[in-house]
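Novice: fold the following.
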Amino acid sequence: MHCVAQRSTREDIQPAAAFGVGLKKTGYEIHLSTLVYKEINMNRIASLAAIPLVIFVLEACSTAKATSPQTIATIPQITATVPEATKTLRATETMPSINSSVPFPFSEPGPYQSSTLYGTQFSDTQRAGREIGINVWYPVRDDKPDRSGAPYPLILSSSKVARIFGDHLASYGFVVVGVNYIDTYDPWDQNLIDQPLDILFALDQVAAHPPEGLEGMIDAERAGVMGYSFDGYNALAMSGARVDPQNYLDRCANPASVQPAVSERLIRMYCAFADDWDQFAAHAGEALTVSSDGLWQPMTDERIRAVMPMAPEGAWLFGERGLAAVDRPILIIGAVEDQDCPYATEAAFTFEHVNTPDRFLISFVGMQHIMIYFEEPVARMKHFSVAFFGYYLQGHPDYALYFSEDFVSQRENLVWGVFTK
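Specialist: Predicted coordinates for the structure are as follows:
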């Protein structure tokens, strides 16, 4: 793709604290005596500008102190889907020390300091000059880019998700690129095409035209994608999954017959463009829609080595055949009580039909879709993101322990694989 790049000094992205709002939650109990509650669009993570704040007081609950049980790892096996370059540490890389005295060691900040570059702009001339803005989180030392371990693996997401995870991942030796203007949408629409393509375009641009001052810092050949909710769909789309038009249209033609069943509200959201499918496909273009097997081409790139969809959606669009095309390591995070991206319909169904050997599902028991607003589940997701991407992108073999079955099974309110009541 061809682009015209320009620099912007505008810092219009709110800090990560705006998402977490200082909430702490363990299992079902909230520990803070005073907290700020967000009135949240239960359908998605709504735009921050549209979320009114309501202040109220909760009495703190007493809980037992967390302990760190001894773990015996079942180490995931590196398969042929993991490129050779990721199997061993490079000479410039070191293994960060791991604090085994806490239940989720990688929830603690890593050894690097981090900084953020806001507002780099690109224009996608192949899509009518579509504006793509990015923010970049990266390791620093003495307020300058830390090149001691460069180039660093790249993690892509929306800026909305990157504001939560960017600083943390940068502290472990990743560069995180958040793509601006990617946000929630209801009902489903052309964003299902546009947002993944925006992320792929951002990958192309930071590889060919890294932001000023970050030359040599980004290893775009070792990239991962993560996302939550609507952005979890984007991460899933980058996994090699392929849209299955017939599956989608059949489901929308007779939604009552589909299992697991979903609510009328979700049917309306999923099937909003079913009657205008030809227009939707035309927007995608023949490069995506034409194939010999009836499935669309995958919206991904071979440089993307691993993906982490959290509370994702999209299973109705991909279906069983489309999910079976997933061809790289995938770690799915599912909230068991999620009603907005229903656990059985989305996270569990996706995990059960993904065909790659390196597939993992960690189920957060008792959690709803809004767990992204609470400090403790976010800390756990940060831990798993460092462990997963550290293993597959940085080549830290010991990190496999920290997202293994034995590790997960010894932590409260987590289940390895699909949770069954």
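
Novice: what bridges to the residue lying closest to Y112 once chain neighbours are set aside?
Specialist: The shortest distance from Y112 to any non-neighbouring residue, by C-beta to C-beta, 6 or more residues apart in numbering, is to P139 (3.8 Å). Yep, even glycine has a C-beta here, placed from its N, CA and C like the rest. Following DSSP bridges, P139 is listed with bridge partners S114.

Novice: for N135, see how far away E412 is.
Specialist: Noted for E412: a distance of 34 Å to N135, by C-beta to C-beta, to the nearest Å.

Novice: compare neighbour counts for the two and give me the winner.
Specialist: Neighbours per residue, other C-beta atoms under 10 Å: of E412 and N135, the larger number sits with N135, 22 against 14.

Novice: residues contacting the more buried one?
Specialist: I13, T116, L117, Y118, G119, T120, S159, A162, G166, V177, G178, N180 (C-beta atoms under 8 Å, 6 or more residues apart in numbering).

Novice: so which of those residues sit within strands?
Specialist: Using DSSP state E, T116, L117, Y118, G119, T120, V177, G178 are the members of the contacts of N135 that sit in strands.

Novice: hang on, the earlier thing: assess the claim that the residue nearest to Y112 and A170 are in contact.
Specialist: Yes: between P139 and A170 there is a contact under C-beta atoms under 8 Å: 5.4 Å.

Novice: what residues are shared contacts of these two?
Specialist: In contact with both P139 and A170: Y112, S114, using C-beta under 8 Å, 6+ apart.

Novice: and the ones in strands among the contacts of N135, which two are furthest apart?
Specialist: For the ones in strands among the contacts of N135, the farthest-apart pair by C-beta to C-beta is G119 and V177; their separation is 12.6 Å.

Novice: so for the two, which residue has more residues nearby?
Specialist: V177 (29 against 18).

Novice: E346 in helix, strand or coil?
Specialist: helix (DSSP: H, G, I helix; E, B strand; the rest coil).

Novice: okay, now it: neighbour count?
Specialist: 29.

Novice: which residues touch it?
Specialist: Counted by C-beta under 8 Å, 6+ apart, E346 has contacts A311, P312, E313, G314, A315, G334, D338.

Novice: now with 10 Å?
Specialist: 229, 232-233, 236, 260, 262, 266, 309, 311-316, 332, 334-335, 338, 340 (C-beta atoms under 10 Å, 6 or more residues apart in numbering).

Novice: in helices only, show me those.
Specialist: G232, Y233, L236, L266, A315, W316 (DSSP state H).

Novice: got a winner among those residues for most neighbours?
Specialist: L236 (32 neighbours).

Novice: surely that one meets V326?
Specialist: Yes: with contact defined as C-beta atoms under 10 Å, L236 counts as touching V326 (8.2 Å).

Novice: return every residue with contacts to both of the two.
Specialist: V307, F318, T350, V354.

Novice: export these to JSON lines and tack on distance to M217 and neighbour count?
Specialist: Shown next, in JSON lines, are the shared contacts of L236 and V326 (distance: C-beta to C-beta, whole Å; neighbours: other C-beta atoms under 10 Å):
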{"residue": "V307", "distance to M217": "22", "neighbour count": "31"}
{"residue": "F318", "distance to M217": "34", "neighbour count": "28"}
{"residue": "T350", "distance to M217": "33", "neighbour count": "26"}
{"residue": "V354", "distance to M217": "32", "neighbour count": "24"}
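
Novice: identify the farthest-apart pair in these.
Specialist: Maximum distance among the shared contacts of L236 and V326 (C-beta to C-beta): 13.2 Å, for V307 and F318.

Novice: shared neighbours of the two, anything?
Specialist: L236, A237, S239, A241, V326.

Novice: tell me which helix or strand W137 sits in.
Specialist: Following DSSP states H and E, one finds W137 within strand 130-141.

Novice: just the buried residues of that strand, please?
Specialist: R130, I132, G133, I134, N135, V136, W137, Y138, P139, V140 (16 or more other C-beta atoms under 10 Å).

Novice: could I get those in TSV, plus columns for distance to E286 and pLDDT?
Specialist: TSV is the format used below for the buried residues of strand 130-141 (distance: C-beta to C-beta, whole Å; pLDDT from 0 to 100):
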residue	distance to E286	pLDDT
R130	19	96
I132	22	96
G133	28	97
I134	28	98
N135	33	98
V136	33	98
W137	36	98
Y138	37	98
P139	41	98
V140	44	98
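
Novice: between those residues, which is closest to D198?
Specialist: Using C-beta to C-beta, the buried residues of strand 130-141 come closest to D198 at I132, 5.5 Å.

Novice: please report phi then psi for the closest residue to that closest one other than its chain neighbours.
Specialist: Leaving aside its sequence neighbours, I132 sits nearest to F122 (C-beta to C-beta, 6+ apart; 4.7 Å). Main-chain torsions, F122, degrees, to the nearest 10: phi -130, psi 160.

Novice: tell me the one of the buried residues of strand 130-141 nearest G417?
Specialist: W137 (31.3 Å).
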